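J.: Model the structure of this input:
(2 chains)
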Amino acid sequence: MSMTIEQRRQHRLMTIEKSLAKRHRKENRFRRLGLAAVMTGMTLVAILFVSILMRGVPAFWQATFFMDLYFDPEVIQLEEKPERASGESQSEFNERFSAWQTQAGLVNWQSLIDRALEDKLDEDIEPSQLRDLRALLASNERFTLRNKFMDDPSVLGQTVEVKMLASANVDVWIKGNINRDLADARQQLSAQTRAWADQLYDEGIIRNAFSTALFLNMDSRSSPASAGLAGAFMGSLFMMIIVIMLSVPLGVASAVYLEEFAPKNRLTDIIEININNLAAVPSIVFGLLGASIFIGYLGLPLSAPIVGGLVLTLMTLPTIIIATRASLRSIPASIRQAALGIGASKVQTVFHHVLPIALPGILTGSILGVAQALGETAPLLLIGMNAFVANVPSTPFEQSAALPVQIYLWQGNELRNFFEARTSAAIIVLLALMLSLNALAIWLRKKFETRW
Amino acid sequence: MTNLALIATLLMIMALAYHLGLTRSRAVAAEHDVRMHSRPGYYGALVALWCGLPALALFLLWSFLAPQLIDMLVIQQLPADLVAGMSDRELATFLRRVTALANERSVSGGGSSEELAAAAHMARLQTFENLSLVALMAVFAVAGLVYARRNISPHWRARNQVELVITIALAASSGIAIFTTVGIVLSMLGETLKFFTFISPAEFFLGTTWNPRFSTSGTDAQGEFGLLPLLWGTMMVSAIALLIAIPVGLMTAIYMAEYAPPWLRNVAKPIIEILAGIPTIVYGFFALIVIGPFLSSFGDLIGINIRTTSALTAGLVMGIMIIPFVSSLSDDIITQVPKSLRDGALGLGATKSETIRQVVLPAALPGIVGAFLLAASRAIGETMIVVLAAGNNPVLHANPFEAVSTITVTIVNQLTGDMDFASPQSLVAFALGLTLFVITLGLNVIALVVVRKFRQQYE
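T.: Predicted structure coming up:
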């Protein structure tokens, strides 16, 4: 009846064998699950980048007119461009020059464009068709033409090839970003304009050409095809300068104090907990702080980079403090002991020996913090930076846009077909800036990393 | 002279003072033929500090007090009947317009004759004030310089004094973090209390309807400011996000820490960290143009009506955003579990996955829970994704395929546009912000305490 010891052993081994296969299957399943999670993460990165790139890259090339334009002296009835005469004071000259500029502004540049188009289309344009005709070009191009003439008035009476941006709707139509089979009523362009656009595209007068408008122009409402990021870029640049100038010194100073000087007591404990918490406070709360203190109480101007910079500084500080502290902590005590041992004071030890070694880590942390601040949007919305600003700020106290806020504004534009691509292009610009900052940080870390 | 130029000049004088101190200390050393207490640079720095700090302190005090003093003087010389006829608020507006006029900025309406007269007076006062500031600062700077330079002697402990100033400056910078927190709490508390004079806290915290624009119809009604629909929306979106981020993030962390060969770790880790560096506005746009339409057509395919902008869209993309956050925090925690625990389990014959599930994870549990809490707090405070992709529909419902609104979205909606700090429509943003701050603060504090406990356990 009863099994021998040997039988029992056999039996037990068999049970283990049986369960072992099952356990190994489980092991494999678990491992594959982990791999799947990693792959999911990487696939998501890929999908995100591919979809943004696919939409955004074509927007760097815009439908552009390359056509001959006759600078008709009968239309451009202007005196000669003023030259500064000898003996004339700067202010007199400026006055004369601005009078000339005003005159140039009154010239009917649009009619020159109309005529050139008429030539190209080889048709007589009825006055009633003028609207359709003018829908072809970006409405700002008449100013581009004016500026071109003012830079070089010698083209008067000549026929010159000019390069002008097509309107946003033509760009959309040519690139096929709108369903070409939609009924007339649902198209953004009239049938006539669309036919003309196709004709000119076939003749090679409209071509897709790389456009600098996105980088060099300011935002524009009336002429979306020439809307650009210049203002937003300057605004972001000002803010980043403020953030770097304030948050890096302050952050490093407070980290050095907490890590090297502070006595271990209740107060430093509170500061420490406080900093860790600040790092996790939602960014929008910093926006509320900015709205109520910097704008409501201190009366700083709305939508100004100075306010944005201050808000982002407060937001970035904890990140930099934490990174700096980690970097200081990784330096072995022997360095400090050696310096103190040969008679350096505490301050000398820190500033002459500890900080230089910690510098790469501090730099890396600071760059990452600044990159994060560059992409931050929510707090800027609360300090009025979502206002439409159509000029490039020259000081941090002027109204300005910022790169991420410009993206927010563009994605909300009603001209969806056009701005979806343009927003993606703006995102590419922002991501390129941020990723190069990140790459710089990683490179610095790799290059200067010391393992103790 | 503008303030910037003033400070720049002061800095230049300080550089000069440094040089003077330096040469003076060398001269003293040569003259008495003794060793100075400190190296020459410290004497230079000390002279520069004596020269710059008092002047700087004066400057700060002055820029804080002078405008108020000028306002007072301007009001004093206004016709008495004009001041008597104005409320405090009107007086403040009047002063703002006068200040603008005095600084040659234009004001709407051009300015009345009283305003112009007051502006002229103010401009005179400002000129006087500016000149006296420059003169006083010059006196302070020179006096400090001369005093310190005279004092240079072999026994003057310059290094200790300079180091004392440095230490104080360092300590002061670390106080900024405290001031920020205090600033956040006080500013939001103040505005929130103002808000509660319009709407009772009970109505706010327990109200189930959100309809702040009611008052535009001209009735006395203030609109309805019920927090619950927003809180509910926030919870729904965050829950969806965590449902996605926690499994994927945790499994990623486990795989990275326990299984991945070094090459995969080196490739995959930076790539996933890229996800963490992408600005949230980009995620929002991604949700709007890729994920939203995809979910919507997927819903059509299986016969569910999914809106393009819905709790699901926002939650899904927010989940993607939090994955790297969860995975890097959990990775840190898992690698901190001591090797001896693993070795023990493996030695008893457990498979690797059994070791992880039955030994490593339970040991790391407090830390991982802390990581989840931090992730939750991040999800709750996230703004741009929900602004773009959640649809802004502040209604209490339980359908994740429908649009919702969250606390953060509503803060943005209520506080963009005109900034009028007197209407409940704007002030409610601060009440919402305070609510958000308290919720996230609570989660953070618990998380930090838990993680710290966990760390101490294995240190």
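
J.: Tally up the residues packed near A:L117, please.
T.: Number of residues near A:L117 (other CB atoms under 10 Å in any protein chain shown) recorded here: 21. For glycine as for every other residue, the C-beta is placed from the backbone atoms N, C-alpha and C.

J.: ugh, wrong one, I meant A:T4
T.: Neighbour number of A:T4 under other CB under 10 Å is 8.

J.: Just the element for A:M315, please.
T.: Under the criterion of DSSP states H and E, A:M315 resides in helix A:305-329.

J.: Phi first, then psi, for residue 75.
T.: By default, I'm working from chain A. Here is the backbone geometry of A:V75 (degrees, to the nearest 10): phi -80, psi -40.

J.: Would you confirm that it contacts A:S111?
T.: Yes - with contact defined as CB atoms under 8 Å, A:V75 reaches A:S111; the gap is 5.8 Å.

J.: chain center to stretch B:241-258: distance?
T.: Relative to its chain's centre, stretch B:241-258 lies at 29 Å (CA atoms, centre = their mean, to the nearest Å).

J.: Correction: the previous question concerned stretch B:322-334.
T.: Centroid separation between stretch B:322-334 and its chain, computed with CA atoms, centre = their mean, is 24 Å.

J.: next one: stretch A:295-306
T.: Distance of stretch A:295-306 from its chain centroid, counting by CA atoms, centre = their mean, is 23 Å.

J.: pLDDT on that stretch, on average?
T.: Stretch A:295-306 shows an average pLDDT of 84 in the prediction.

J.: likewise stretch A:14-31?
T.: For stretch A:14-31, mean pLDDT is 89.

J.: Just the buried residues of that stretch, please?
T.: For stretch A:14-31, burial by neighbour count (16 or more other CB atoms under 10 Å in any protein chain shown) applies to A:R23, A:E27, A:F30, A:R31.

J.: next one: stretch A:142-154
T.: Of the residues in stretch A:142-154, A:R142, A:T144, A:L145, A:R146, A:K148, A:F149 count as buried by neighbour count, 16+ other CB under 10 Å.

J.: Run through who's touching that stretch.
T.: Stretch A:142-154 has contacts (CB atoms under 8 Å, 6 or more residues apart in numbering or on different chains) with A:69, A:71, A:76, A:78, A:80-81, A:101, A:104-105, A:107, A:109-110, A:112-113, A:155-156, A:162, A:164-165, A:226.

J.: Name only those of these that count as buried.
T.: A:69, A:71, A:76, A:78, A:81, A:104, A:107, A:109-110, A:112-113, A:155, A:162, A:164-165, A:226.

J.: dump the residue contacts of the residue of the stretch 351-459 of chain B found nearest chain A.
T.: Per CB to the nearest CB, B:G381 is where the stretch 351-459 of chain B lies closest to chain A, at 2.4 Å. For B:G381, the residues meeting the contact criterion (CB under 8 Å, 6+ apart) are A:V281, A:P282, A:S283, A:I284, A:V285, B:T408, B:L436, B:T440.

J.: mind redoing it with 10 Å?
T.: The contact partners of B:G381, taken as CB atoms under 10 Å, 6 or more residues apart in numbering or on different chains, are A:280-285, A:378, B:234, B:238, B:406-408, B:436-437, B:439-440, B:443.

J.: So what's the predicted local confidence for it?
T.: Reading off the confidence values, B:G381 has pLDDT 92.

J.: mind listing what's buried in the helix or strand containing B:A364?
T.: Per DSSP H and E: B:A364 is located in helix B:361-381. By 16+ other CB under 10 Å, the buried positions in helix B:361-381 come out as B:361, B:363-364, B:366-381.

J.: I'd like to know how many residues surround B:A345.
T.: Neighbours of B:A345 under the rule other CB under 10 Å: 18.

J.: can you list the weak-confidence ranges in the chain?
T.: Let's take chain A. A:1-2, A:451-452 (pLDDT under 70).

J.: Correction: the question concerned chain B.
T.: B:1, B:106-111, B:213-222, B:417-420, B:459.

J.: Longest helix in it, by number of residues?
T.: Ranked by number of residues, the top helix in chain B under DSSP state H is helix B:158-198.

J.: Count the residues that sit near B:L206.
T.: Neighbours of B:L206 under the rule other CB under 10 Å: 11.

J.: ignore the last one, B:F128
T.: 11.

J.: Ok, B:R124 next?
T.: Around B:R124 sit 11 other residues, with neighbours defined as other CB under 10 Å.

J.: Can you name the residue of the stretch 351-452 of chain A nearest to chain B?
T.: When scored by CB to the nearest CB, the stretch 351-452 of chain A has A:G375 as its residue closest to chain B, at 2.7 Å.

J.: what residues are up against that residue?
T.: Counting by CB under 10 Å, 6+ apart, A:G375 touches A:236, A:403-404, A:407, A:430-431, A:433-434, A:437, B:277-282, B:384.

J.: Secondary structure and distance to B:Q76 added to the buried residues of stretch A:142-154, as JSON lines?
T.: Below are the buried residues of stretch A:142-154 laid out as JSON lines (DSSP: H, G, I helix; E, B strand; the rest coil; distance: CB to CB, whole Å):
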{"residue": "A:R142", "secondary structure": "helix", "distance to B:Q76": "56"}
{"residue": "A:T144", "secondary structure": "helix", "distance to B:Q76": "56"}
{"residue": "A:L145", "secondary structure": "helix", "distance to B:Q76": "58"}
{"residue": "A:R146", "secondary structure": "helix", "distance to B:Q76": "53"}
{"residue": "A:K148", "secondary structure": "helix", "distance to B:Q76": "58"}
{"residue": "A:F149", "secondary structure": "helix", "distance to B:Q76": "58"}
